[in-house]
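When you get a sec, could you give me coordinates for this:
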Amino acid sequence: MTPSIYPRLLLVLLAALPAACASAAAPTHAGDPVAENMLLLQTPSGGWSKHYREKKVDYARTYDAAERAALHAPGRHDDATLDNEATTREIAYLVQAHARTGNPAYLDGARRGVEYLLRAQYANGGWPQFYPDHSSYRHQITLNDDAMVHAIGLLQDIADRRGDMALLAPEYGPRAAAAVQRGLDSLLALQVRIDGQPTIWAAQYDETTLQPAKARAYELPSLAVAESVAVVRLLMRQPRPDARTVAAIESAARWLEQHRLPDLALHRFDAPAEETGKDVRVVAEPGASLWARFYDLERQQPLFVDRDSRPVRFADLPNERRTGYGWYGTWPEKLLAQELPRWRKVHAAGDAAP
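Numbering: from 1, shown residues only. Alright, predicted model coming up:
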């Protein structure tokens, strides 16, 4: 380039500078209404609630000016939780929304959510149901509705750079991996032993004693089948399970098989004379299987509890409780019939990490 060209080039650059600056100052990104509402409802701690004004959060609705002002108010109550997939669901969605739109605000919101997860974890590896609100039973280590499993799974997606979650790996990969390991170690320690024998997992634990704990009035300390299936699946996800992990998986699977209720099925039907207009009963059905959601900690038998915390027979539960809660289910069916055999083929004897 000859010297005489420099003045002309400088003039071209100066002419383009205002437009370039304007573009840099006001970047345009495609919007996502759901993601925008997630940012609006994100709590000061960085997590999310499962409710808005005592109703399930609806990210598809429009929030008016008064609602938006209240959500931005400094004294807003922080009821962030892991219950009902809250927080982990929003983090995953915001990362995906950022990947689709390029909007940096969505990734920033996801970052705040990950920071929330890392802060909420106890030193012993467990997660409470709520953080920072530890009132009532919210402080307990919570497997109920797979809260802790979802937290570990999302952090492992980051550490393993799975899909869009790889976007968070450069910043959070090592911390996420460490939190995952603490969480897995905690789950192995929480597997309930009765008379020295490993069984499955409870839904809640005292975070200090690590003993099964009570939550709602009808959720007594007990063995929890649905939550245990999710724990086993998480343990089976580990690429090189050590001997402790293999033993936990196999002992839990053995317990689930032994406590199968064979040749039974759940029958739902209309019952106009009942409080709810419907009812449910267990009926004989050759070849079918059921499991109770809860089993007691002594006899390891199905446990049904009314709103007064009294164990009763299933048929003696009030109609509202009998029909309004998942007392029976088939949660382990696919795990035992399909997933576990496949896992065993991959992790044959001697293939586990030392």
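
which ones are touching Ala247?
Residues near Ala247 by Cβ atoms under 8 Å, 6 or more residues apart in numbering: Pro198. Bear in mind the C-beta positions are built from the backbone N, C-alpha and C, glycine included.

Phi and psi next, for it.
The phi/psi pair for Ala247 (degrees, to the nearest 10) reads phi -60, psi -40.

Offset the numbering so it begins at 4, please.
Got it, the first residue is 4 from now on, which makes the last one we talked about Ala250.

What distance do you get for it to Val232?
According to Cβ to Cβ, to the nearest Å, Ala250 stands 17 Å off from Val232.

And the helix or strand where Arg345 lies, what's buried?
Using DSSP states H and E, Arg345 maps to helix 343-349. By 16 or more other Cβ atoms under 10 Å, the buried positions in helix 343-349 come out as 343, 346-347.

Tell me the helices and strands packed up against that helix.
Here helix 343-349 touches helix 246-261, going by 3 or more Cβ pairs under 8 Å, 6 or more residues apart in numbering; DSSP states H and E.

roughly how far is the helix it packs on from the heart of the chain?
Per Cα atoms, centre = their mean, to the nearest Å, the displacement of helix 246-261 from the mean C-alpha position of its chain is 22 Å.

Of all the residues in the following helix or strand past it, which ones are buried?
As assigned by DSSP H and E, the chain's next helix or strand after helix 246-261 is strand 264-273. Applying a neighbour-count criterion of 16+ other Cβ under 10 Å, one finds 267-269 buried in strand 264-273.

Quickly run through the sheet partners of strand 264-273, with directions.
Note on strand 264-273: by DSSP bridges, its sheet partners are strand 281-295 (antiparallel).

The following helix or strand past the strand it pairs with packs against which elements?
For strand 281-295, the following helix or strand on the C-terminal side (DSSP H and E) is strand 297-298. On a contact count with 3+ Cβ pairs under 8 Å, 6+ apart, strand 297-298 meets strand 226-227.

just checking, what packs against the strand it packs on?
Using 3+ Cβ pairs under 8 Å, 6+ apart, strand 226-227 sits against strand 297-298.

Give me the contacts around the following helix or strand past the strand it packs on.
Following strand 297-298 in sequence order, the next helix or strand is helix 322-326 (DSSP H and E). If you take Cβ under 8 Å, 6+ apart as the criterion, helix 322-326 is touched by 221, 271, 274, 277-279, 281-283, 309-310, 317-318.

now stretch 276-288
266-274, 293, 317-318, 321-323, 325-327, 331.

Pull out the buried residues from it.
For stretch 276-288, the neighbour count (16+ other Cβ under 10 Å) marks 282-283, 285 as buried.

Let's see it as PDB, backbone CA atoms only.
What follows is stretch 276-288 as a C-alpha-only set of coordinates in PDB (Å, rounded to 0.1, in the frame of the first residue of the first chain):
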ATOM      1  CA  ALA A 276     -70.900 -40.600  45.400                       C
ATOM      2  CA  GLU A 277     -67.300 -39.800  46.500                       C
ATOM      3  CA  GLU A 278     -65.900 -36.400  47.400                       C
ATOM      4  CA  THR A 279     -63.800 -36.100  44.300                       C
ATOM      5  CA  GLY A 280     -66.200 -37.900  42.000                       C
ATOM      6  CA  LYS A 281     -63.600 -40.600  41.300                       C
ATOM      7  CA  ASP A 282     -61.800 -43.400  43.100                       C
ATOM      8  CA  VAL A 283     -59.000 -45.900  42.700                       C
ATOM      9  CA  ARG A 284     -58.400 -49.400  43.800                       C
ATOM     10  CA  VAL A 285     -55.900 -52.200  43.400                       C
ATOM     11  CA  VAL A 286     -57.200 -55.100  41.300                       C
ATOM     12  CA  ALA A 287     -55.800 -58.500  40.300                       C
ATOM     13  CA  GLU A 288     -54.200 -58.600  36.800                       C
END
